[in-house]
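# What shape does this take:
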Amino acid sequence: MKSTARQPRVTIFSGPRGVGKTSCVLRVAVSLAESGISVFGVATPKMFSDDEVIGLAVTDLSTGKQIQLARIDDQPGLRHGPWRFSHEGIRFANNACDPKYHKGICIVDEIGPLELRNEGFLTPVKALKAGEYAQALIVVRPELADEIAHFIRGDVALIQWEPDCYSLLMKHIERFMKTEEG
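Residues are numbered from 1 along each chain as shown. Have a look, this model is predicted:
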């Protein structure tokens, strides 16, 4: 990872599948917003039928609006593994992450294989490459963290998931905000 004396503007939050990364960043987003800090971007919680995962939703963190992002099915479309991604859901996510229309801390859950294929959440990828976010929290799978950190402009911090990831992320964000004020 890149490092300097300055507090990194982009935090990559990484952890294995199913440990609660999305729940953690949703909790961070709510806490920041309740503290009066502007938050925008997206979270992608799982959708269930009974106890079975059937898809992913995408939630706009600035409005709370949520639509379907992906389903597990065998229909044609933009695919990654068993997932079929909705073009409407991707457009919705890209708009929610656009730094032209939003200010504050951008949260993107998650940047992954689609984005590395130049598909999916391309607005935040372009903004990260151009250094357009004042501060960003990006969710990434561990096996992709180094590759994604490589294309981000500016300093990057990597925080690995752990049971108290909420406190860890909040402390990191607070340190960044203090260095920006000072």
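
# can you give me the strands for this structure?
10-14, 39-43, 46-49, 52-60, 66-72, 78-80, 83-85, 105-109, 135-140, 156-160 (DSSP state E).

# quick one: the residue at minimal distance from the centre of the chain from E52, how far?
By CA atoms, centre = their mean, the chain has its centre lying nearest to V108, at 1.8 Å. Separation of V108 from E52 (CB to CB, to the nearest Å) stands at 26 Å. (Each C-beta comes from the backbone N, C-alpha and C, glycine too.)

# Contacts only, for A130.
R153 (CB atoms under 8 Å, 6 or more residues apart in numbering).

# Just name the most buried of the strands of the chain.
Each of the strands of the chain was scored by mean neighbour count; the highest is strand 105-109, a mean of 27, by mean count of other CB atoms under 10 Å.

# got the angle between that one and strand 135-140?
10 degrees (axes from the mean of the first three to the mean of the last three CA atoms, to 10 degrees).

# Go ahead and name everything in contact with stretch 144-164.
1-4, 6-16, 19-21, 24, 111-113, 115-116, 125, 128-131, 138, 140, 142, 165, 168-169, 172.

# Dig out what the residue nearest to the centre of the chain forms beta bridges with.
Counting by DSSP bridges, V108 is bridged to V42, I138.

# And for R27, the neighbour number?
Using other CB atoms under 10 Å, R27 is surrounded by 15 other residues.

# That one reaches Y166, doesn't it?
Yes - R27 lies in contact with Y166 (CB atoms under 8 Å); the separation is 5.3 Å.

# All the helices of this structure, residue numbers only.
In the chain, the helices defined using DSSP state H lie at 21-34, 87-96, 113-116, 122-130, 145-151, 165-181.

# circling back: any of the contacts of stretch 144-164 buried? List them.
Restricting these to buried positions leaves 7-15, 21, 24, 111-112, 115, 125, 128, 138, 140, 165, 168-169, 172, with burial counted as 16 or more other CB atoms under 10 Å.

# ok, back up a step: I'd like the helices of the chain as JSON lines, with mean pLDDT appended.
What follows is the helices of the chain, written out as JSON lines (pLDDT from 0 to 100):
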{"stretch": "helix 21-34", "mean pLDDT": "94"}
{"stretch": "helix 87-96", "mean pLDDT": "97"}
{"stretch": "helix 113-116", "mean pLDDT": "94"}
{"stretch": "helix 122-130", "mean pLDDT": "95"}
{"stretch": "helix 145-151", "mean pLDDT": "92"}
{"stretch": "helix 165-181", "mean pLDDT": "78"}
